[in-house]
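Participant: here's a sequence, model it:
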Amino acid sequence: MIAGVVLLLGGMAGTSAASSANSSGSQNSVSGAVALKSVKIAAAPAGCGGGNFCFWPNANYSPSGNPGELSGRNADWSVFGRGDCPNDNWDNCASSDYNNGNSCEAIVWTGKSYSGSAGMVLRGSGGNFNSTFNNAVSSNSWGTASGGTSSACGGPVP
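Facilitator: Model (predicted):
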């Protein structure tokens, strides 16, 4: 694992289009890293489609069945609308997450364009965000478990 990357497993910690019933010196610097214990969940929470990184505006996957879903990398979560978020979009609004991706680890960033603190969410894991990431995620990307990239997991990585 890359030093400095937060593993967001066991709190609830991909991407092209967000969906919601109510309509997330180097540019890739990492700060504020704290390792958390891993929590493997047997099945994805309701509403989290296969291949997606899913996130909810409240802790514990709430409201149930109504997550944002991303399948590719996204530099600016403010383009994805969410009516019950403070600015009517996903930027700085996610409190829980689940990685239901096919082959990559999800990476969340507290800044737009993959900047700020970065946290990795392993496939098949999720939970509530810690204080660094709760209501603070602004972009996402994908990486390998070793902290690198592959043809499927194109990064950027911290």
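Participant: need the contact list for the closest residue to Ala44 other than its chain neighbours.
Facilitator: Once flanking residues are discounted, Ala44 sits nearest to Asn100: 4.3 Å by Cβ to Cβ, 6 or more residues apart in numbering. For every residue, glycine as well, the C-beta is placed using N, CA and C. Asn100 makes contact with 44, 48-54, 123-124, according to Cβ atoms under 8 Å, 6 or more residues apart in numbering.
Participant: among those residues, name the ones in strands.
Facilitator: The strands, defined by DSSP state E, take in 52-54 from the contacts of Asn100.
Participant: distance of the residue nearest the centre of the chain relative to Asp91?
Facilitator: Closest to where the C-alpha atoms of the chain average out (Cα atoms, centre = their mean) is Val108, at 4.3 Å. According to Cβ to Cβ, to the nearest Å, Val108 stands 12 Å off from Asp91.
Participant: give me every residue that touches Gly65.
Facilitator: 45-47.
Participant: same thing but at 7 Å, please
Facilitator: 46-47 (Cβ atoms under 7 Å, 6 or more residues apart in numbering).
Participant: so what pLDDT did it get?
Facilitator: We have a pLDDT of 75 for Gly65.
Participant: picking that back up, looks to me like the residue nearest to the centre of the chain is in a helix.
Facilitator: No. Counting by DSSP: H, G, I helix; E, B strand; the rest coil, Val108 is not found in a helix; it is strand.
Participant: grab the nearest non-local neighbour of it.
Facilitator: Nearest to Val108 is Val137, by Cβ to Cβ, 6+ apart, at 4.6 Å.
Participant: how about Cys93: what's its closest non-neighbour residue?
Facilitator: Cys85 is the one closest to Cys93 (Cβ to Cβ, 6+ apart), at 3.7 Å.
Participant: helix, strand, or coil at the one you found?
Facilitator: Going by three-state DSSP: Cys85 is coil.
Participant: now the strands: where do they sit in the protein?
Facilitator: Using DSSP E, the strands of the chain run over residues 6-7, 52-56, 68-70, 96-100, 105-111, 115-121, 126-128, 139-143.
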